[in-house]
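**Q** predicted model and sequence below, questions to follow.
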Amino acid sequence: MTGSVALYIYIALVGLLLASFFNVVGLRVPVGESIIRPRSHCPACGRTLSAGELIPVVSYVVQRGRCKGCGGRISPLYPAMELATAALFTAAPMWVGWSGRLVVAWTLISLFAIIVVSDLRYMLIPDRVLLVFVGLFLVERLVIPFLPWADMLLGAAVGFSLLWLIAVLSKGGMGGGDVKLFAVLGFVLGWKMVLLAFFLATLYGTVIGLVGMALGRVRRGKPMPFAPAIALGALTAFFFGEAIVRAYISLMV
């Protein structure tokens, strides 16, 4: 029992550390900056951050969300994404078990940790990030046969075609990054689950939009980042899709 707790604590710590790096990727890649240089710095005063200021979540709490140098406000997006990523990394083995599929789950979570930050900050899902993760998923599929090839290829085609059609009909209401992202998700989820992911993403997006409008954060007719809703929908489909489909069928019979 003690060993299991220690393992999950280790996974959570790894998730926190990776999420800190994913924040950097999500903030720098869309604007063409290197993810290596310069070192992490305060966006307000430009001061290079010390090692003690880069501890995930802890540094934010200790510094009360302020830069030690200039007192500028640190975005709560950083610790929020670190905590969310760590929580998902830790929960993943509970949901899919200790199997090869767990590697795919962690890779999918990592993808969303990057693109959610990017979309929230710049309203952009970088092609370079998607290409890297397509390569990772392809390698994983060669080692871990988590889906039949036909299902994956059809899923990619369905995911791309569905979002592309919506983008055309809505005359730009759906971004190109979202279209490409759903092609990647179709490759990972298969055609059935990518359809469920789209339905859930639309549902989540509607709820997020309504809450945002109620709080005055979202204006009617103004574009809003769709990546957080896509992440919620795709992860729900990946982890719980089969159970959702079975429950739906049982209600219909």
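**A** The structure has been received and is ready for your questions.
**Q** low-scoring stretches of the stretch 51-200 of the chain, by residue?
**A** Where the stretch 51-200 of the chain drops to pLDDT under 70, the residues are 172-173.
**Q** can you give me the strands in it?
**A** With strands called from DSSP state E, counting those that start in this stretch, the stretch 51-200 of the chain shows none.
**Q** distance check, Leu165 against Pro228.
**A** With the distance defined as C-beta to C-beta, to the nearest Å, Leu165 ends up 23 Å from Pro228. Every residue, glycine included, has its C-beta placed from N, CA and C.
**Q** more neighbours, the two?
**A** Legend: neighbour count by other C-beta atoms under 10 Å for Leu165 and Pro228, higher for Pro228 (19 against 12).
**Q** on the pLDDT front, check Val253 for me.
**A** Per-residue pLDDT puts Val253 at 68.
**Q** check Thr48 too.
**A** On the pLDDT scale, Thr48 gets 83.
**Q** over to Gly209?
**A** Predicted confidence (pLDDT) for Gly209: 86.
**Q** now for Gln132: which residues touch it?
**A** Quick fix: residue 132 reads Val, not Gln. Residues near Val132 by C-beta atoms under 8 Å, 6 or more residues apart in numbering: none.
**Q** make it 10 Å
**A** Neighbouring residues of Val132 by C-beta atoms under 10 Å, 6 or more residues apart in numbering: Val25, Val29, Leu111, Ile114, Pro126.
**Q** and of those, the nearest to Gly190?
**A** Nearest to Gly190, judged by C-beta to C-beta, of those is Leu111 at 16.6 Å.
**Q** now do the contacts for the residue lying closest to the closest one once chain neighbours are set aside.
**A** Using C-beta to C-beta, 6 or more residues apart in numbering and skipping the chain neighbours, the partner closest in space to Leu111 is Phe133 (4.7 Å). By C-beta under 10 Å, 6+ apart, the contact list for Phe133 reads Thr107, Leu108, Ser110, Leu111, Phe112, Ile114, Ile115, Leu181, Val184, Phe187, Val188.
**Q** among the residues you listed, which two are most distant?
**A** Across the contacts of Phe133, no pair lies farther apart than Ile114 and Phe187, at 17.2 Å, counting by C-beta to C-beta.
**Q** between the two, who's got more neighbours?
**A** More crowded of Ile114 and Phe187, by other C-beta under 10 Å: Ile114, with 28 against 24.
**Q** tell me the contacts of the more buried one?
**A** By C-beta under 10 Å, 6+ apart, the contact set of Ile114 is 19, 21-27, 29-30, 81, 85, 125-126, 129-130, 132-133, 227.
**Q** if we go to 8 Å?
**A** If a contact means C-beta under 8 Å, 6+ apart, then Ile114 has Phe22, Val25, Gly26, Val29, Val129 as its contacts.
**Q** around the last one, how many other residues sit close by?
**A** By the criterion of other C-beta under 10 Å, Val129 has 22 neighbours.
**Q** that one against Leu111, yeah?
**A** Yes - between Val129 and Leu111 there is a contact at 7.3 Å, judged by C-beta atoms under 8 Å.
**Q** just the helices in the stretch 101-250 of the chain please.
**A** Applying DSSP state H, counting those that start in this stretch to the stretch 101-250 of the chain gives helices spanning 127-143, 149-169, 176-214, 227-252.
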